[in-house]
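Below is the structure, and that's it, no one-letter string:
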């Protein structure tokens, strides 16, 4: 196989990956992480909710943000159900990822003192822990292609 063929195939693979639902989901998820962190800071510093209740608030904000972005960007090529109904399905489907996400966050907040000063570390670790489940649920349950 020639070098030009390998380069062409490599470029084609990269282009396909950059157009993939998974790549777009990760980009939206990264933005959602920023929403999550900002909402947690708001919950802690303004509302005084504490690390655990504040995290529930921030997760709800992030799920709503990522749902709207994934619906309108990542999975825009998939037929959509009514907005509120699909949001409920999305939020419900994310519960498996939430379990991994919140368990990771809570464990770090509880046992790693640094995360009490920088809870953003625990939020990011939780997001990574939930990514695989959340993408699978979003792509196969919430935004699955129509049959036929």
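Sure thing, it's come through. These numbers were taken from a predicted model, which means no experiment stands behind them.

so where is this structure shaky, pLDDT-wise?
1, 147-148 (pLDDT under 70).

Just want the most central residue of the protein.
Centroid-nearest residue in the chain: residue 29, 3.7 Å away (criterion: Cα atoms, centre = their mean).

ok, residues contacting the helix or strand harbouring that one?
Element membership of residue 29 [criterion: DSSP states H and E] is helix 21-45. By Cβ atoms under 8 Å, 6 or more residues apart in numbering, the residues outside helix 21-45 that reach it are 17, 49-51, 53-55, 57-59, 61-63, 65-66, 69-70, 73-75, 119-120, 123-124, 127, 131, 134-135, 138-139, 143. All C-beta spots, glycine's among them, are computed from the backbone N, C-alpha and C.

For residue 77, give me the backbone phi and psi.
phi -90, psi 0 (degrees, to the nearest 10).

That one: neighbouring residues, count only.
8 (other Cβ atoms under 10 Å).

Show me what the host helix or strand of residue 100 is packed against.
Secondary structure from DSSP H and E places residue 100 in helix 95-111. If contacts are counted by 3 or more Cβ pairs under 8 Å, 6 or more residues apart in numbering; DSSP states H and E, helix 95-111 sits against helix 51-69, helix 114-117, helix 119-137.

quick one: the helix holding residue 29 to helix 95-111, angle?
Helix 21-45 and helix 95-111 are oriented at 40 degrees to each other (axes from the mean of the first three to the mean of the last three Cα atoms, to 10 degrees).

chain center to helix 21-45, what's the gap?
On the basis of Cα atoms, centre = their mean, to the nearest Å, helix 21-45 sits 7 Å off its chain's mean C-alpha point.

again with stretch 12-30
That offset, for stretch 12-30, works out to 13 Å (Cα atoms, centre = their mean).

dump the residue contacts of residue 91.
Residue 91 touches 63, 64, 67, counting by Cβ under 8 Å, 6+ apart.

and the helix or strand hosting it, which residues are buried?
Assessed by DSSP H and E, residue 91 sits inside helix 83-93. Residues of helix 83-93 classed as buried: 87, 89, 90, 91, 93 (neighbour count, 16 or more other Cβ atoms under 10 Å).

so how far is residue 82 from the closest residue to residue 116 other than its chain neighbours?
Take residue 116 and drop its neighbours on the chain: the residue closest to it by Cβ to Cβ, 6 or more residues apart in numbering is residue 109, 6.5 Å away. From residue 109 across to residue 82, the span is 37 Å (Cβ to Cβ, to the nearest Å).
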